[in-house]
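Participant: structure here, sequence nowhere to be found:
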């Protein structure tokens, strides 16, 4: 799969030509993505579950929480997708293999699961409560995978 690396080399070379300091190239991705994952991810997960669990007790509060979730989750997905791209470019810029890292693969799975959740939400869950539940549990699984992903990323960062 050197085709991907070959395609990314000119982009990485352009970023390298900007003279970005090595610590930023090395640790910029983990610092920014850590914020996205732990701040935005936690907020999206908490508000999503509050929107589900408050329905019987306080429908207005539940609707407000679902609204907050609907505002933050798309932005989190956008930042995760951009961060994924930045992480891959960082590996290319540091002349490291892309596909050999479990961090790359957990990131790919996270992105695929978030895309699945985005599609479920965009279709309004097909009007089916089972799909709304699937969305909640997929989102929760993503939050758990984020922790594993962050640990693998820290190990990767310390190894390069």
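Facilitator: That came through, no problem. Keep in mind the model is a prediction, meaning the values are calculated, not measured.
Participant: make it CA atoms for all contacts and neighbour counts henceforth
Facilitator: Noted.
Participant: mind listing what residue 62 touches?
Facilitator: The contact partners of residue 62, by Cα atoms under 8 Å, 6 or more residues apart in numbering, come to 50-55.
Participant: so which of those residues sit within helices?
Facilitator: Mapping the contacts of residue 62 onto helices (DSSP state H) picks out 50-53.
Participant: for the longest helix along the chain, which positions count as buried?
Facilitator: Under DSSP H, the helix in the chain containing the largest number of residues is helix 59-93. Using 16 or more other Cα atoms under 10 Å as the test for burial, helix 59-93 gives 62-63, 65-66, 68-69, 72-74, 76-77, 79-81, 83-84, 86-93.
Participant: I'd like the distance between the residue nearest the centre of the chain and residue 46.
Facilitator: By Cα atoms, centre = their mean, the chain has its centre lying nearest to residue 80, at 3.5 Å. Going from residue 80 to residue 46 by Cα to Cα, to the nearest Å gives 18 Å.
Participant: just the helices in this protein please.
Facilitator: 2-17, 22-35, 41-53, 59-93, 102-122, 129-159.
Participant: out of these, which one sits most buried?
Facilitator: Greatest average neighbour count among these goes to helix 41-53 (a mean of 19), per mean count of other Cα atoms under 10 Å.
Participant: okay, the angle between that helix and helix 129-159?
Facilitator: 160 degrees (axes from the mean of the first three to the mean of the last three Cα atoms, to 10 degrees).
Participant: who's in contact with helix 41-53?
Facilitator: With Cα under 8 Å, 6+ apart as the criterion, helix 41-53 contacts 61-66, 68-69, 72-73, 76, 136, 139-140, 143.
Participant: mean confidence score for it?
Facilitator: The average pLDDT for helix 41-53 rounds to 95.
Participant: relative to helix 59-93, how tilted is that helix?
Facilitator: Calculated by the same axes, to 10 degrees, helix 41-53 forms an angle of 150 degrees with helix 59-93.
Participant: how near is the residue lying farthest from the centre of the chain to residue 128?
Facilitator: What lies farthest from the middle of the chain is residue 57; by Cα atoms, centre = their mean that is 31.5 Å. Applying Cα to Cα, the value for residue 57 to residue 128 is 22 Å.
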